[in-house]
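Asker: Got a sequence here, can you build the structure:
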Amino acid sequence: MHPFPNCSMSKIAFLEDDSVTVVHCNPQEQTLLDASLAAGLHHFHACAGQARCSTCRVLVVEGLDSFGPRTPMEAALAAHYPWADNVRLACQSRPAGPATVRRLVQDTLVANLALGPNSGQPVAEERRLGLLFCDISNFTAITQGHLAYDVVHSLNRFFKLLGDPILANHGTIDKYLGDGMFALFGLDNPTHDECARRIVRAALRMVSAAQALNENLQNQFGFSFEPRIGIHYGPVLVGHQGHPSRMSFTVIGDAVNTASRIEASNKIYGTRLLASEDLVAPILPSLEIGRTLETELRGRSGSVRMYEILGYLDSDPLYLVQSTFELLAPKADAFAIDFYEHMFALKPELEPLFVRVEMKTMRIMLVRMIALTVQGLHNLPSITPELRMLGQRHAGYGVREEHFDYAEAALLHALALHLGEAFIPRVRESWCEVFAIIRRSMLAGFAQGAENAMPH
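Answerer: From the prediction side, this is the model:
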């Protein structure tokens, strides 16, 4: 480390195309990048000054002795490219004396016109995310053999039904790619274990949703959409990319390419859902695995271990509730009818409490409440306020805390009736957990609702 001079400020001249900008740098407190940004220069630094890119590098025209030795991080980059001795990273340099430099990465047009108030700011950050690619097997043949509008209509239904499990498990649909989609998991910084559970849960539900959709598509249009899904976990750069007037949020990196190649491997091996070992390692004992594949992926050196995911071996309550609720969706009204009939049979004095509400409206509200809870189980704070309001309204009807026991019994009765063999003990336990969440949240809104119900 070179000694700093007694004078705290170093005078650095930045050569521009037709001008010179003088910047004062305090090497004890600032890097050269810090000083140039403070002076208002449009100095690129895509990695936010962490020596993970080369966008802030400068050519030292005069005063190289003022810079001192490279930091270890800068030295590694300089050796990799390699750079001449007078090419330095501004984010790693603290010049202790006067110098003249020229930025090596600059775009006057972008600096002056395009990026606006955030010009020069880092455009990406490195994160570890779950990545999901999905496309449709044999889609080209489907488009060639059927009416285009029928295909587009069906494709939008496909995206809706397969997108719901992604959103319900805290995923983000990054983009649609013709007949496919790309989704991200982990933007809220969950643990690796939790991220893996979310993405596997979503992928398995996507497979089930496609099966249910295909029965309908085959009957109506004579074709079906068979999804191929690849899931992976790894480091990516997250940020905004594109023309300055049309910047869009996305991710890039080798992990994205790997996830895409894993999805494409389904075509080779005749599978529907493949996951990398990098993703599922923390939860592997809980998964039902089909084939284990060790292969080299195109465009990537070294082999990758992939697993064919068939389901869960242990009880994942969230997955069990989400997947069985999908089975109820086509017969939601009949389910609600059976719920109320059974609850009123168990406790006849409950029926008069709802006389002011039309029964059809009550059925819609019941299904909506359950759907809201199921879709929001991954983020309970987001659904608690609405459930509290629902509790407030029911207290206004005259519902009491002990009446929830009859509602739970009616729910389990209707579930058993409509799920049939799928209503196994683990599913029952999971739905009991869901009802406990509904009960707690609604009871939290009871106090104000009970006050509203009291005569004044």
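Asker: tell me the secondary structure for the residue nearest to residue 81 when sequence neighbours are not counted?
Answerer: Of all residues not flanking residue 81 in the chain, residue 54 sits nearest, at 7.3 Å (C-beta to C-beta, 6 or more residues apart in numbering). In short, each C-beta sits where N, CA and C put it, glycine included. Following DSSP: H, G, I helix; E, B strand; the rest coil, residue 54 is assigned to coil.
Asker: who touches the helix or strand residue 280 falls within?
Answerer: If you go by DSSP states H and E, residue 280 is part of helix 277-280. Identification of contacts with helix 277-280 by C-beta atoms under 8 Å, 6 or more residues apart in numbering yields 130, 196, 199-200, 231-234, 284, 287, 304-307, 309.
Asker: one more time with 10 Å, if that's ok
Answerer: Contacts to helix 277-280, defined as C-beta atoms under 10 Å, 6 or more residues apart in numbering, come from residues 128, 130-132, 185, 192, 195-197, 199-200, 230-234, 255, 258-259, 262, 284, 286-287, 289, 292, 294, 304-307, 309.
Asker: What about those residues, which are in helices?
Answerer: If you go by DSSP state H, the contacts of helix 277-280 have 192, 195, 196, 197, 199, 200, 255, 258, 259, 262 in helices.
Asker: Spit out the contact partners of residue 351.
Answerer: With C-beta under 10 Å, 6+ apart, residue 351 has these contacts: 340, 341, 343, 344, 345, 359.
Asker: export those to TSV and tack on distance to residue 427?
Answerer: Putting the contacts of residue 351 into TSV (distance: C-beta to C-beta, whole Å) gives the following:
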residue	distance to residue 427
340	22
341	22
343	20
344	25
345	23
359	28
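Asker: and residue 39, how many neighbours does it have?
Answerer: If you count neighbours by other C-beta atoms under 10 Å, residue 39 ends up with 15.
Asker: ok, for it, nearest residue in space, not its chain neighbours?
Answerer: Nearest non-adjacent residue to residue 39 (C-beta to C-beta, 6+ apart): residue 23, at 4.5 Å.
Asker: Likewise for residue 206?
Answerer: The nearest residue in space to residue 206 (C-beta to C-beta, 6+ apart) is residue 162, at 4.5 Å.
Asker: and that neighbour, what are its phi and psi?
Answerer: phi -90, psi -20 (degrees, to the nearest 10).
Asker: In this model residue 179 seems to touch it, though I could be wrong.
Answerer: No: counting by C-beta atoms under 10 Å, residue 162 sits too far from residue 179 to count as a contact (11.5 Å).
Asker: out of the two, which sits in the busier spot?
Answerer: residue 162 (26 against 20).
Asker: any idea how far the more buried one lies from residue 134?
Answerer: Relative to residue 134, residue 162 is positioned 7 Å away (C-beta to C-beta, to the nearest Å).
Asker: which residues do those two both contact?
Answerer: Contacts common to residue 162 and residue 134, judged by C-beta under 10 Å, 6+ apart, are 181, 183, 202, 203, 206, 207, 210, 227, 229.
Asker: With distance to residue 396 and secondary structure as new columns, can the residues you listed be given to me in TSV?
Answerer: Below are the shared contacts of residue 162 and residue 134 laid out as TSV (distance: C-beta to C-beta, whole Å; DSSP: H, G, I helix; E, B strand; the rest coil):
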residue	distance to residue 396	secondary structure
181	43	strand
183	41	strand
202	38	helix
203	42	helix
206	40	helix
207	43	helix
210	43	helix
227	45	strand
229	46	strand
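Asker: Output the below-cut-off pLDDT ranges for the chain.
Answerer: 1-7, 107-123, 244-245, 448-456 (pLDDT under 70).
Asker: which stretches of the stretch 1-150 of the chain form helices?
Answerer: 32-38, 72-80, 108-109, 139-145, 148-168 (DSSP state H, counting those that start in this stretch).
Asker: Can you say which of the ones you listed is packed in most?
Answerer: Across these, averaging neighbours per residue (mean count of other C-beta atoms under 10 Å) puts helix 32-38 on top, at a mean of 22.
Asker: what helices or strands is it leaning on?
Answerer: strand 10-15, strand 20-25, strand 57-62, strand 87-89, strand 99-103 (3 or more C-beta pairs under 10 Å, 6 or more residues apart in numbering; DSSP states H and E).
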